[in-house]
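Visitor: Let me see the structure of the following:
(one chain, ligands or ions: 3)
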Amino acid sequence: MVTVLDTIEQPQDLKKLSFSQLEKLAGEIRHLIIQTIAKNGGHLAPNLGVVELTLALHKVFDSPKDKFIWDVGHQAYIHKILTGRRTKFGSIRQLNGISGFPKRNESQHDAFGTGHSSTSLSAALGLALARDLSGQKSHVLAIIGDGSLTGGQAFEALNHAGHLGTRMTVILNDNEMSIAKNVGALSEYLSKMRTTSTYSKVKHDIEYLLRRIPAIGDSVAKTAERVKDSLKYLLVPGVFFEELGFTYLGPIDGHNINSLIEVLQQTKNIDGPVLIHVITQKGKGYQPAECNAAQFHGVGPFCVETGAISKSNGNPTYTGVFGDTLIKLAESDPDIVAITAAMPEGTGLKKFASQYPKRFWDVGIAEQHAVTMAAGLAAAGKKPVVALYSTFLQRAYDQVLHDVCLQKLPVIFALDRAGIVGEDGPTHHGVFDFSFLRHIPNIIVMAPKDEAELRNMMTTAVHTNAPVAIRYPRGSGTGADITKELEILPVGKAEELIHEGTMALLAIGAMVDPCLQAAGLLAQKGISCRVINARYLKPLDGELIRRLARETGAIVTVEDNSLAGGFGSAVLEYINTNNLNWVKILRLGWSDQFIEQGSRSELLAKYGMTPEGIAESVYSFHQQFGVR
Ligand SMILES: Cc1ncc(C[n+]2csc(CCOP(=O)(O)OP(=O)(O)O)c2C)c(N)n1
Ligand SMILES: CC(=O)[C@@H](O)[C@H](O)COP(=O)(O)O
Ligand SMILES: [Mg+2]
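Guide: Ligands and ions are numbered 1, 2, ... in the order given. Below you'll find the model as predicted:
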């Protein structure tokens, strides 16, 4: 049987569909997305919430002439399906497959690449300004969620676009959720508006009422004006956006295709910035996702019938160990407080939040604010732990440098998802943190070899009166014993795991375990290697490096970070500064390119970072230089 979806190759194919065909298509798209994400994993709930909205957008506008910019882009699956990628949809997020985010090099319909949040309005404004400069007439639309609207950059763009009066449309997709429940005063304001009846009626009624307030005499007239203004503030929906220079339309039911089409048509004739407030339900149409939108925001493979999510290898995750350890440390230290930027589940702080609600803040998607707020807390004697994904700390580089490290404030950065994260791909791989933290004075940077060491690094961090970053990978740990007493580690001291060998494998973080295995493989080929767990990127264990240089003559550094400016670079610099230049160095890590999507194990294998790959590189290095 031919479905409506089978007839859609390009967005123009939607134009001829009737309302009932569009509704049928919405059902077919939901089915395709649920079946595919159940296999591949991905952002299920956000996409199920915007099926009707995406259909309406493509029905009314003409992509690629008209530009859609999807904020974060995790909700662009329907857009992909409708713009020539239906048959490739089964490969989404897989190695060599289509991306889970918009990508300019994937399709002319992906007007702007995204992955990190709150950028869409700035990008849309740029595109709209360029359009106006070249005298074109197309439409530019940014589609942003209520969560992403909590990010400062979105406010910067609203402020600027409203001031310029540029013709562009912002679609605010309000489902009252970030990944978790959305937070903040603006979120509360939006929630109040959800309960108002439709915009045009309310606005019309209010304006009618205001016009009827009589003006008798000058002073009374002035008072009446003030009353009108106050009433407007109280009653007109969207006055916040209107005062910023936007025409506000809404709230609109985001699952009613007809209403959506009607309001989108209206915006075509408005000259200036417009904001359409669309109300949607995250996870719409799949009960497990409707009931637990946070869990199905970004989800691994699951069973469609039951909604049961597949488990990984069963070892505790680094995230979970971080969360539990922080609770333990906080029991005996009332100064420990914790901050997340909209990711209480993802960073493992959810339990901490319910145990210590007064010592926890979710600041929204506001990493820069999170870091400077932590600096403020530290300046007042608290011990703030800022838990972020490595990739999202990129946003707050200056706050780390200028607000925390320059003032030597004891803020602890818990950097989850460091290294290669897998299917989210290049926007999310956390392979730059070593490089962008290492050159900042005063900071201590550590990476645990396993989840047991993560506990001890956290213990060390809370007992160290300095800025500290601890970075650890996504997913399960190695199964190390996490029941031992917590220990304070000596700062700047590495751990020697294999003491004998003619070469030294100097590994850090998640690469220590593969190096131990690589040493085993090399031993079978007659090459003996010492293995060292570096523990610290900064301060480096210089004494050990000098000894290794003297005793082995060859050092191989291995890191789950970009080679440019990372751990290996730090070792090289140390060798050079200390005139140890006779020592041969091989650096293994991620080369100077954006690493594509794929499972972590596929990418490690492809780039030679498995035990076998490391052993092979070390073997060639050994052969090439005839290391003693
Ligand atoms: C800078 C940054 N911080 C955090 C994230 C992680 N993140 C991805 S989606 C999301 C929530 C987005 O909420 P919203 O915009 O409302 O979209 P919804 O999923 O509700 O449709 C978060 C916190 C990110 N992508 N970028
Ligand atoms: C889109 C986004 O930024 C997040 O949803 C991210 O994909 C979550 O990653 P994890 O699955 O590693 O928590
Ligand atoms: Mg939302």
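Visitor: Could you give the average pLDDT over the helix or strand hosting A56?
Guide: Using DSSP states H and E, A56 sits in helix 51-60. Confidence over helix 51-60, taken as the mean pLDDT, stands at 98.
Visitor: Output that helix as CSV, restricted to C-alpha atoms.
Guide: As requested, C-alpha coordinates have been extracted for helix 51-60 and formatted as CSV (Å, rounded to 0.1, in the frame of the first residue of the first chain):
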residue,chain,number,x,y,z
VAL,A,51,5.4,17.0,13.5
GLU,A,52,2.4,19.3,12.7
LEU,A,53,4.5,22.5,13.1
THR,A,54,7.1,21.2,10.6
LEU,A,55,4.4,20.1,8.1
ALA,A,56,2.7,23.6,8.4
LEU,A,57,6.1,25.3,7.9
HIS,A,58,6.8,23.4,4.7
LYS,A,59,3.2,23.8,3.5
VAL,A,60,3.3,27.6,3.8
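Visitor: So which elements touch it?
Guide: Using 3 or more C-beta pairs under 8 Å, 6 or more residues apart in numbering; DSSP states H and E, the elements in contact with helix 51-60 are helix 12-15, helix 19-40, helix 77-80, strand 140-145, strand 168-174, helix 257-267. For the C-beta atoms, the positions are set from N, CA and C on the backbone; glycine is no exception.
Visitor: and ligand 1, which of these is closest to it?
Guide: Proximity to ligand 1 (C-beta to the nearest ligand atom) singles out strand 140-145 among the helices and strands packed on helix 51-60, at 2.2 Å.
Visitor: do that closest one and ligand 2 meet at all?
Guide: No - under the criterion of C-beta under 6 Å from any ligand atom, ligand 2 is not reached by strand 140-145; the shortest gap measures 10.5 Å.
Visitor: Tell me the first helix or strand C-terminal of that strand.
Guide: Of the helices and strands lying after strand 140-145 in sequence (DSSP H and E), the nearest is helix 152-164.
Visitor: C-alpha coordinates for that following helix, PDB please?
Guide: Provided in PDB are the C-alpha atoms of helix 152-164 (Å, rounded to 0.1, in the frame of the first residue of the first chain):
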ATOM      1  CA  GLY A 152      21.700  34.500  26.900                       C
ATOM      2  CA  GLN A 153      22.600  34.600  23.200                       C
ATOM      3  CA  ALA A 154      18.900  34.300  22.300                       C
ATOM      4  CA  PHE A 155      18.100  37.400  24.300                       C
ATOM      5  CA  GLU A 156      21.000  39.200  22.700                       C
ATOM      6  CA  ALA A 157      19.500  38.500  19.300                       C
ATOM      7  CA  LEU A 158      16.000  39.400  20.300                       C
ATOM      8  CA  ASN A 159      17.300  42.700  21.600                       C
ATOM      9  CA  HIS A 160      19.100  43.400  18.400                       C
ATOM     10  CA  ALA A 161      16.500  42.200  15.900                       C
ATOM     11  CA  GLY A 162      13.700  44.100  17.700                       C
ATOM     12  CA  HIS A 163      15.900  47.300  17.600                       C
ATOM     13  CA  LEU A 164      16.600  46.800  13.900                       C
END
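Visitor: which bits of the stretch 1-150 of the chain sit near ligand 1?
Guide: With the criterion set to C-beta under 6 Å from any ligand atom, the stretch 1-150 of the chain comes near ligand 1 through P46, G49, V72, H74, Q75, H116, S117, G145, D146, G147, S148.
Visitor: Kindly report the same for the stretch 201-350 of the chain.
Guide: Applying the criterion C-beta under 6 Å from any ligand atom, the portion of the stretch 201-350 of the chain that neighbours ligand 1 consists of K282, H297, A341, A342, M343.
Visitor: For ligand 3, state which of those residues is nearest.
Guide: When those are compared for distance to ligand 3 (C-beta to the ion), K282 wins out at 6.4 Å.
Visitor: Quick one: residues contacting the closest one.
Guide: By C-beta atoms under 8 Å, 6 or more residues apart in numbering, the contact set of K282 is A45, P46, L48, G49, N175, M177, A289, E290, A293, H297.
Visitor: same question, G598
Guide: With contacts defined as C-beta under 8 Å, 6+ apart, G598 is in contact with Q94, L95, N96, G422, E423, G425, K606.
Visitor: Turn the helices and strands packed on helix 51-60 into CSV, including distance to ligand 3, mean pLDDT and mean neighbour count.
Guide: What follows is the helices and strands packed on helix 51-60, written out as CSV (distance: least, C-beta to the ion, whole Å; pLDDT from 0 to 100; neighbours: other C-beta atoms under 10 Å):
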stretch, distance to ligand 3, mean pLDDT, mean neighbour count
helix 12-15, 25, 96, 14
helix 19-40, 17, 98, 18
helix 77-80, 16, 98, 26
strand 140-145, 4, 98, 28
strand 168-174, 6, 98, 27
helix 257-267, 17, 97, 18
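Visitor: about what we covered before: from the residues of the stretch 1-150 of the chain next to ligand 1, which is closest to ligand 2?
Guide: Minimum distance to ligand 2 across those is 4.0 Å, recorded for H74 (C-beta to the nearest ligand atom).
Visitor: measure the closest residue to that closest one other than its chain neighbours to ligand 3 for me?
Guide: Leaving aside its chain neighbours, H74 sits nearest to H43 (4.0 Å; criterion: C-beta to C-beta, 6 or more residues apart in numbering). Look at H43 and ligand 3: by C-beta to the ion, to the nearest Å, they are 12 Å apart.
Visitor: how is the chain carved up into domains?
Guide: Here the chain is described, according to the TED database, as comprising the domains 4-299, 318-471, 496-625.
Visitor: most packed of those domains?
Guide: For the domains of the chain, the stretch with the most neighbours on average is domain 318-471, a mean of 22; neighbours defined as mean count of other C-beta atoms under 10 Å.
Visitor: what about that domain and ligand 3, touching?
Guide: No - contact check for domain 318-471 against ligand 3, using C-beta under 5 Å from the ion: none in range, with a minimum separation of 10.0 Å.
Visitor: Just to check, E367 is in contact with A341?
Guide: Yes - the pair E367 / A341 is scored as a contact, 4.7 Å apart, by C-beta atoms under 8 Å.
Visitor: which element follows the helix or strand harbouring V278 toward the C-terminus?
Guide: In this structure, V278 sits in strand 273-279 according to DSSP H and E. Beyond strand 273-279 in the direction of the C-terminus, DSSP H and E gives the next helix or strand as helix 287-291.
Visitor: I'd like to check what contacts that following helix. Which residues are they?
Guide: Contacts for helix 287-291 (C-beta under 8 Å, 6+ apart): L44, A45, L48, Q281, K282, G283, K284, F296, F302, T306, G307.
Visitor: Same check on stretch 119-126?
Guide: In contact with stretch 119-126 (C-beta under 8 Å, 6+ apart) are residues 67, 69-71, 112, 114, 140-144, 148, 153-154, 156-158, 160-161, 164, 166, 168, 170.
Visitor: if you set the cut-off to 6 Å instead, what comes out?
Guide: Under the criterion C-beta atoms under 6 Å, 6 or more residues apart in numbering, residues I69, D71, F112, V140, A142, I144, A154, A157, A161, M168 lie in contact with stretch 119-126.
Visitor: now the residues you listed in a markdown table, with distance to A330?
Guide: Listed next are the contacts of stretch 119-126 as a markdown table, based on distance: C-beta to C-beta, whole Å:
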| residue | distance to A330 |
| --- | --- |
| I69 | 41 |
| D71 | 34 |
| F112 | 41 |
| V140 | 47 |
| A142 | 40 |
| I144 | 35 |
| A154 | 33 |
| A157 | 38 |
| A161 | 43 |
| M168 | 46 |
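Visitor: From those, pick the one nearest F240.
Guide: The closest of the contacts of stretch 119-126 to F240 turns out to be A154 (C-beta to C-beta; 13.1 Å).
Visitor: Surely the closest one is in contact with S117?
Guide: No - taking C-beta atoms under 6 Å as the contact criterion, A154 and S117 are not neighbours in contact, 8.2 Å apart.
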